[in-house]
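In: return a 3D structure for these sequence lines:
(one chain, ligands or ions: 1)
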Amino acid sequence: MEAIRKAYERLGPDEFYRQHGATYRNPHEASLRQALAQAVHAWQPDLAQVLDLACGSGEVTLLLRELGSPAVTGIDPYTGAAYQERTGQAARPLSFEQIAAGALAGEQYSLIVCSFALHLVALSRLPLLLYHLAQLAPHLLIVTPHKRPHIAPGWHWALHGELLIERVRVRLYARATSPGEFQGLV
Ligand SMILES: C[S@@+](CC[C@H](N)C(=O)[O-])C[C@H]1O[C@@H](n2cnc3c(N)ncnc32)[C@H](O)[C@@H]1O
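Out: I've put the predicted structure just below:
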């Protein structure tokens with residue numbers, strides 16, 4: 001773990017995942033699964049068409065399938081081989097930067113899940129990415145071992161709730177249709 005942490009710090013996230021993405025596994029997968037399963041149970045988000053953003057080796061995709069989701073699309077520029085191996089499906093190789101430039105414009109999902117990854121986005125780029133995500137789905141679930149990412153008021157999403165389970169935070173955001181006005185849950 002120490003060697004991995006040092007390589008991560010030395011290379012930075014993009015280069016680290018470019019080099020190691022094919023063999024990526026989340027060492028906290030058991031806690032992540034427990035936290036996300038409880039969040040889905042508590043909030044009952046619509047799992048009809050889910051976007052698993054920065055999908056790694058399919059940690060979220062596999063759980064959501066088990067919870068009954070009929071369609072999960074994985075997106076990740078670096079972990080395609082690991083995702084394909086575990087889920088049997090291809091990940092779309094798009095980066096946060098490409099999505100922030102409109103690469104998914106026109107697509108619609110019932111829910112976006114981003115696990116252990118949104119804190120990797122540079123703060124200066126986060127509002128634009130969040131704007132584009134808000135065009136794609138009414139709800140966003142962020143799974144994170146940190147307090148980050150901090151989503152400021154006015155960044156197109158409003159916090160609906162937070163759970164802290166096994167040191168993993170799950171936050172549910174609803175798209176803000178106008179400042180101070182939020183779309184309700186189903
Ligand atoms: C800690 S892993 C989390 C993976 C998985 N969601 C999970 O919960 O285990 C971070 C993920 O972010 C992806 N990533 C890194 N830089 C990225 C970028 N610029 N755009 C999109 N994804 C990126 C990596 O490929 C990696 O899969």
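
In: is Arg33 in contact with Leu63, as I believe?
Out: Yes - using C-beta atoms under 8 Å, Arg33 is in contact with Leu63, at 5.1 Å. C-betas here are computed from N, CA, C, even on glycine.

In: now stretch 30-50, how far from the chain's geometric center?
Out: Distance of stretch 30-50 from the chain centroid (C-alpha atoms, centre = their mean, to the nearest Å) equals 12 Å.

In: one more: stretch 4-23?
Out: On C-alpha atoms, centre = their mean, the centre of stretch 4-23 falls 19 Å from that of its chain.

In: kindly check the end-to-end length of that stretch for me.
Out: Between the opening and closing residues of stretch 4-23 there is a gap of 12 Å (C-alpha to C-alpha, to the nearest Å).

In: is any part of that stretch close to the ligand?
Out: Yes - using C-beta under 6 Å from any ligand atom, stretch 4-23 comes into contact with the ligand via 13-14, 17, 21.

In: and the residues you listed, which of them are buried?
Out: By neighbour count, with 16 or more other C-beta atoms under 10 Å, the residues of stretch 4-23 next to the ligand hold 17, 21 as buried.

In: which one among the residues of stretch 4-23 next to the ligand gets closest to the ligand?
Out: Closest approach between these and the ligand, by C-beta to the nearest ligand atom: Tyr17, at 3.6 Å.

In: quick one: list the elements packing against the helix or strand that the closest one is a member of.
Out: Assigned by DSSP states H and E, Tyr17 belongs to helix 13-20. Helices and strands touching helix 13-20, by 3 or more C-beta pairs under 8 Å, 6 or more residues apart in numbering; DSSP states H and E, are helix 2-11.
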